[in-house]
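K.L.:
Predicted model and sequence below, questions to follow.
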Amino acid sequence: MKPRVLCLVVDGVEELELVAPVDVLRRAEVEVVLAAVGHARRVTGRCGVVLEADGVVASELALPEAATVTPTPWSRVRYSTTGAET
């Protein structure tokens, strides 16, 4: 079974900080799951590149993973009693 890595992303992510590790991991035959934090699967990067995640955290993704990658500006993430908000 291939290792599985969860990569958390939010609006404002630095695109290269997301794409580079995902590329390296996938070349190493690691299953990478992109998970948007919030309520929408679409995430807009810092330079305006729109990315579509595989799912949304806490709604459709099974945890735990082998590892978690967080190339995100976490200062922009706020948590509420109903889940994460961006």
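P.N.:
On my side now, so go ahead.

K.L.:
This structure: helices as residue ranges?
P.N.:
Secondary structure of the chain by DSSP state H: the helices cover 15-27.

K.L.:
can you pull out the strands in it?
P.N.:
4-9, 31-36, 42-44, 50-52, 55-56, 67-69, 78-80, 83-85 (DSSP state E).

K.L.:
Mean confidence (pLDDT) on the fourth one, please.
P.N.:
The one in question is strand 50-52. For strand 50-52, the mean per-residue pLDDT is 94.

K.L.:
Do you know the pLDDT at residue 76?
P.N.:
50.

K.L.:
I meant to write residue 79 there.
P.N.:
So residue 79 comes in at 42 (pLDDT).

K.L.:
Then residue 14?
P.N.:
At residue 14, pLDDT is 89.

K.L.:
Residue 45 is in contact with that one, correct?
P.N.:
Yes - proximity of residue 14 to residue 45 meets the contact threshold set by CB atoms under 8 Å, at 7.0 Å. Every residue, glycine included, has its C-beta placed from N, CA and C.

K.L.:
For the two, work out which one has more neighbours and name it.
P.N.:
Each of residue 14 and residue 45 has its neighbours counted (other CB atoms under 10 Å); residue 45 has more, 19 against 14.

K.L.:
List the contacts of the more buried one.
P.N.:
When contacts are counted by CB atoms under 8 Å, 6 or more residues apart in numbering, residue 45 touches 12-15, 18, 51.

K.L.:
run the last query once more with 7 Å
P.N.:
13-15, 51 (CB atoms under 7 Å, 6 or more residues apart in numbering).

K.L.:
One more: residue 35?
P.N.:
Residues near residue 35 by CB under 7 Å, 6+ apart: 6-8, 53-57, 61.

K.L.:
again, 8 Å this time
P.N.:
6-9, 53-57, 61.

K.L.:
What distance do you get for the closest residue to it other than its chain neighbours to residue 24?
P.N.:
Among residues not flanking residue 35 along the chain, residue 57 sits closest, at 4.8 Å (CB to CB, 6 or more residues apart in numbering). According to CB to CB, to the nearest Å, residue 57 stands 22 Å off from residue 24.
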